[in-house]
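# sequence? don't have it. structure:
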């Protein structure tokens, strides 16, 4: 993880230390390495690259903006990483030039953009070879439909304001899901 979430930081000594213990435990259990996306100086970027080369993770979960910073660093150091690695990013957009740079510096890598909404959480991931999202069923409390490739969401859970045939104006291919 090259991640943040400043809202989880606390000034309360007890709460802050409990959060550190929980994060440390989760990292050990799930065999993951966590690097703060708020502190991407040259030494930390070099450390991230070393971890990727030596540890050979299958996945890196991060923000598109962090990938841009990492690609700029790789451009300066002119280092190409040949590991097979999947970078999963949140649904923010990566600049077009960075897509090209990504495959120069990670020729065996894959850039996967997560698709989701605050209302539903993660719904699916893009198909890197095509221009649509593939749906993955992470939750069982909503139904996804498509009308002329337009996404339609209906929640099955009992919420005060459920989504009923909600159309976020996104294009989706449900045929391959």
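Alright, I've got the coordinates. This is a predicted model, so every value here is computed, not measured.

# what does the one helix or strand residue 101 maps to contact?
Residue 101 belongs to helix 96-105 when assigned by DSSP states H and E. Contacts to helix 96-105, defined as Cβ atoms under 8 Å, 6 or more residues apart in numbering, come from residues 64, 67-68, 71, 74-75, 79-81, 87, 94, 109, 111. Where C-beta positions appear, they are placed from N, C-alpha and C, glycine not excepted.

# Tell me the buried residues in stretch 88-104?
Buried residues in stretch 88-104, counting neighbours by 16 or more other Cβ atoms under 10 Å, are found at 89-91, 94, 98, 101-102.

# and of those, the nearest to residue 163?
residue 91 (17.2 Å; Cβ to Cβ).

# what bridges to the most centrally placed residue in the chain?
With distances taken as Cα atoms, centre = their mean, residue 89 lies nearest the centre of the chain, 2.7 Å away. Beta bridges link residue 89 to residue 62, residue 113 when assigned by DSSP bridges.

# Who are the contact partners of it?
Per Cβ under 8 Å, 6+ apart, neighbours of residue 89: 61-64, 67, 111-114.

# Kindly report the same for residue 79.
49, 105.

# If we go by neighbour counts, what in stretch 152-167 is buried?
152-153, 155, 163.

# and of those residues, the nearest to residue 51?
Distances from residue 51 to the buried residues of stretch 152-167, taken by Cβ to Cβ, are shortest for residue 153, at 37.2 Å.

# secondary structure element for the closest one?
strand 150-155.

# same thing with residue 39?
Residue-wise, residue 39 maps onto no helix or strand under DSSP H and E.

# Does residue 38 touch residue 4 like I think?
Yes - if you go by Cβ atoms under 8 Å, residue 38 and residue 4 touch, sitting 5.3 Å apart.

# Those two: which has the busier surroundings?
Between residue 38 and residue 4, residue 4 has the larger neighbour count (other Cβ atoms under 10 Å), namely 16 against 12.
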